[in-house]
Every structure is written in C-alpha cells, then in structure tokens.
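Visitor: need coordinates for the below:
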Amino acid sequence: MYLLIHMKRRIYIDMSVVVGFFDKEFAKATKALFERLENREVIFVFIVIILWWSCTVNAQIITGIVCDKATKLPVSDVYVYLDGTTIHTITNASGKFELTTNSIINTKLVMHHLSYNTAIIDNPFGVLPDTLFIEEMAKTIPALTIGVDRFTRRQKMKAFYDQFLGTTRAGRSATIVNHDDIYLKVDMQTRRLYASSDNPIVVVNNYLGYQVTFSLVDFWVQYGNMGNSRNSEHFSLDNNNVLSSFFAVTSSFVDLAPDNRRIKQRRDNVYERSSSYFFKSLANDALKDNNYTVYNRSFPVNHKQYFATKDTIGLTMIRIIPGTDINRSPSINRLSLVTNREQRPLGIISVLYGRNVRSDIIFLTDSFLVDQYGNFNQIENIIFTGQFGENRAGDMLPINYEP
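Guide: Numbering: from 1, shown residues only. Here you go, the predicted structure:
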C-alpha cells in the first residue's frame, strides 16, 4: 500500500489496484504491487481493507458539547453514556464528548453530573443538536414526612432488594454498594413501597461479572391485603403478597470479567431467558430455530398469523395484525392488577422457551421497533409476566450484549 501512497495522494489509488485498471502514472508501482501479491507478500493488505470496511461501514458516532443551561458555558467531567450499555465517556475541558457504536441501538443518551440534574435524550441516533444543555441541581431541604409506617428499614430494604435485584441466582449474588443513599417509604393506605435516591445506585454483580450504575427514575411495589382483612394497613412486605411492581432506571455497565469463560456462559444462559432474545428472534423470523414456541389461548400458533415485520433503517418494525383472535383479549378488570392501567390490551400471547420456561406478553400497543440486539421501544406498553416478568435488575445485561 505504501508503494502507491508516497507518489500521489489520490483516493482512487486503491480502486485502480483492486479492480485492475492501470494508470500510466502508477503503472510501475502497480506492476510491482501485483508481483508482490503473486508472491503473497502483501496479500494481507486486502484483508485489512475488507476487515476495516466491514467494521466501519455500520459504525455510529455520536458527538456533542455539554453546556450549563444558565451560563451557556461548557461543563467538564460529565458522565455521558448510552443507557443500558457499556458505552460511556466523560466530557473534556471543552465539554466535548464522542461515543461510537457498531449499529443503531434502541436506547437513550444520558448525561450525569453530581452538580446537575440528570438529562436524558431520546433517540440519540436521530438529529442531535451540536450543543446539549444540563441544568444545575437546585439545593433543597428534604421535606418532613408526616405519618410513620410500621416497617423497619431492614424489612423495607429486603423488600427493595427482592423486587429490584430479584431472587434469581444472579439477583441474590448482586450487592448494592451505597444502600444508605436509598430512601424507602411505605404508604400504609395504598399498601405501596416507594424507593428513591438522589445519587446513582452502584451494584456489583459477581455472578454476571458487572458493576452497574443505576439512576433510579421510579420504583414502587404494590402489596395486597393479608387474608380477608378489610383493614388496608393489614399487610406484609412478603414476596408472596406482591400484586405488581415497577421500576424505571438508566444504567451503565462496566465489565469486570471480560475474559472469564464461566461468567460468559452464565451471561449467555441469562440472555437466552430474556425478552431481548425473544424479540430478536421474532424480528429475525428465528423463533423456531431458537427454541421458542408462541401460544394463543393455550394453543401453539404460527407467529406470522399475528405479527407482521418490516425492515426500516437499522431497525425492524413489528406490527400486530388487526382482526385476529390475538386481539380478543380478556376484560380490563382481569388485567388491571397486572398492568396497573385501565386500558384494554391489543394482544396477549404466551411464550415457551424450551419445554418449561414460560412467559406471557401483554401488548398495549399495536406496533413497536426492535433493534439488532432485541431491544424494543414502547417499553411502557409491553408488559411481562412469568419468566420475563421475574427478571429484575440483577439479571440485566448490557443491551448491546451478544452471546
């Protein structure tokens, strides 16, 4: 390659060699290069070109400058990351940052700084402004809480661990480094446990080999009455008494075991039981190949009867076909406790992975987008029970994870 470049810097030089055209100006050098190719001295040149092209042709680069909204001055040391991934960076002294991914991902851009409110940008792969603004955090005095619940902090923390990290093997092995930063409160009238934190929650997951930083956006657990008691305050925080739960987070992953084969196998096993693997298989028409069976009202069905797919730029649009019996869903009352919303579902299916891992999926939307990793938008309108519903933060993998 260097034989040609030193003579004249022309972009078409490589093309003249690859497609076999001879330019008089480069005839001598080209002939020499072909002689070396015949001797297999520089065959690696073309391999490098091909590999470089395949790695960069789909690369996505996100750049910007983070500034203070009030002063318009750049802010350094802002932690900028793509939600749910290992892709992150820190702004420099000029407030600039750059993130690179191999493809478009269904995620958000998050900007975090201890002195500023966390800012979240939807669709960072769309048209992104050159300058992004963050607001300085207001200094407030915490309000006094009126009324006291009857549960100890230890009881509430256990309930938080169970419903946030989960009770699977991965969830039980995960630990919260800064659990003292978490505020916990039980509303005795509504039987709900709430959690919040002004600081990101740092979790070390030894089973999956990650350190994950969570910004807790929302968290609650809804409990039922004990037995036939009419007293709204007569309930426990036991897992068997949970009616529904919800949490919303942004997350950033650090790989603590990139070369550990045992942990890699654990990650693969968790991934195969995840909703991401299912939706990736659905988008790629590979459900059968990946050991999934879709059921409608207890009968196995062909998913193509109910779902239509369409490729878009970097994403797959999945649409529920109208007028089929998947749309004849149970009444709102039967599902209100699960969905916590007074909205009639547009479709319900059951999914069986292998022979005994079952999940139910409730669709409150008739269309959604799936990226190449199986991540989907409309996350607030797709609800899970069964295995998918039992997965918690302790089972989370980076959303750009591939087995």
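
Visitor: run through the residues that contact the closest residue in space to Thr118 that isn't next to it in sequence.
Guide: In space, and not counting its chain neighbours, Thr118 is closest to His112: 4.9 Å by Cβ to Cβ, 6 or more residues apart in numbering. Any C-beta I mention is one placed from the backbone N, CA and C, and that applies to glycine too. By Cβ atoms under 8 Å, 6 or more residues apart in numbering, the residues touching His112 are Val78, Tyr79, Val80, Tyr81, Thr118, Pro200, Ser215.

Visitor: assign a three-state SS to His112, would you?
Guide: Under DSSP: H, G, I helix; E, B strand; the rest coil, the three-state class of His112 is strand.

Visitor: what is the end-to-end distance of stretch 222-241?
Guide: 9 Å (Cα to Cα, to the nearest Å).

Visitor: actually stretch 110-130, sorry about that
Guide: Terminal residues of stretch 110-130 lie 15 Å apart, using Cα to Cα.

Visitor: what's the answer for stretch 125-136, then?
Guide: 26 Å.

Visitor: and the gap between Ser251 and Thr107?
Guide: Distance, Ser251 to Thr107, using Cβ to Cβ, to the nearest Å: 10 Å.

Visitor: returning to that earlier point: in terms of pLDDT, where does the residue nearest to Thr118 sit?
Guide: pLDDT for His112: 89.

Visitor: return the set of residues that bridge with it.
Guide: His112 has the following beta-bridge partners by DSSP bridges: Tyr79.

Visitor: separation between it and Val177?
Guide: In this view, His112 and Val177 are 16 Å apart by Cβ to Cβ.

Visitor: please, which helix or strand holds Ala119?
Guide: Taking DSSP states H and E as the criterion, the element that holds Ala119 is strand 116-121.

Visitor: sorry, wrong one. I was asking about Val202.
Guide: With elements taken from DSSP H and E, the one containing Val202 is strand 201-205.

Visitor: in its sheet, what does that strand sit against?
Guide: Using DSSP bridges, the strands paired with strand 201-205 are strand 174-176 (antiparallel), strand 210-223 (antiparallel).

Visitor: any chance of those strands in TSV, with mean neighbour count, distance to Asp268 and mean pLDDT too?
Guide: Output for the strands paired with strand 201-205, formatted as TSV (neighbours: other Cβ atoms under 10 Å; distance: least, Cβ to Cβ, whole Å; pLDDT from 0 to 100):
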stretch	mean neighbour count	distance to Asp268	mean pLDDT
strand 174-176	19	18	96
strand 210-223	19	14	93
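
Visitor: for Ala159, which of those strands is the nearest?
Guide: Ala159 lies closest to strand 210-223 among the strands paired with strand 201-205, at 6.5 Å (Cβ to Cβ).

Visitor: distance from the chain centre to the closest one, please.
Guide: Here strand 210-223 is found 14 Å from its chain centre; the criterion is Cα atoms, centre = their mean, to the nearest Å.

Visitor: just want the angle from it to strand 116-121.
Guide: 90 degrees (axes from the mean of the first three to the mean of the last three Cα atoms, to 10 degrees).

Visitor: immediately after strand 210-223, which helix or strand?
Guide: Of the helices and strands lying after strand 210-223 in sequence (DSSP H and E), the nearest is strand 242-255.

Visitor: how many neighbours does Asp360 have?
Guide: By the criterion of other Cβ atoms under 10 Å, Asp360 has 17 neighbours.

Visitor: right, and Thr167 touches Asn239 too?
Guide: Yes: the pair Thr167 / Asn239 is scored as a contact, 7.0 Å apart, by Cβ atoms under 8 Å.

Visitor: okay, and the beta partners of the closest residue to Lys310 other than its chain neighbours?
Guide: Spatially, and ignoring its direct neighbours in sequence, Lys310 is nearest to Met317 (4.5 Å; Cβ to Cβ, 6+ apart). Listed by DSSP bridges, the beta-bridge partners for Met317 are Lys310, Leu369.

Visitor: make sure Met317 is actually in contact with Leu369.
Guide: Yes: using Cβ under 8 Å, Met317 is in contact with Leu369, at 5.8 Å.

Visitor: so between these two, which is more surrounded?
Guide: Set side by side, Met317 and Leu369 show more neighbours around Leu369, with 17 against 14, by other Cβ under 10 Å.

Visitor: how near is the more buried one to Phe125?
Guide: Taking Cβ to Cβ as the measure, Leu369 falls 12 Å from Phe125.

Visitor: contacting residues for the residue nearest to Lys310?
Guide: By Cβ under 8 Å, 6+ apart, Met317 lies in contact with Thr309, Lys310, Asp311, Ser367, Phe368, Leu369.

Visitor: now for the third one: which residues touch it?
Guide: What that stands for is Asp311. Met317.

Visitor: tell me which of the strands paired with strand 201-205 lies nearest to Gly347.
Guide: Each of the strands paired with strand 201-205 has some distance to Gly347 by Cβ to Cβ; the shortest is strand 210-223, at 24.0 Å.

Visitor: state the pLDDT value of Asn400.
Guide: Here the pLDDT value assigned to Asn400 is 89.

Visitor: isn't it right next to Thr85, touching?
Guide: Yes: Asn400 lies in contact with Thr85 (Cβ under 8 Å); the separation is 4.9 Å.

Visitor: now the common contact residues for those two.
Guide: Counting by Cβ under 8 Å, 6+ apart, the contacts common to Asn400 and Thr85 are Thr101, Ile105.

Visitor: so for stretch 75-93, what gets flagged as buried?
Guide: Residues of stretch 75-93 classed as buried: 75, 78-89, 91 (neighbour count, 16 or more other Cβ atoms under 10 Å).

Visitor: kindly check the end-to-end length of it for me.
Guide: Stretch 75-93 has its terminal residues 7 Å apart, counting by Cα to Cα.

Visitor: and the contacts of it?
Guide: With contact meaning Cβ under 8 Å, 6+ apart, stretch 75-93 is reached by 62, 65-68, 74, 94-95, 97-101, 105, 107-113, 116, 120, 124, 134, 250-255, 375, 396, 398-400.
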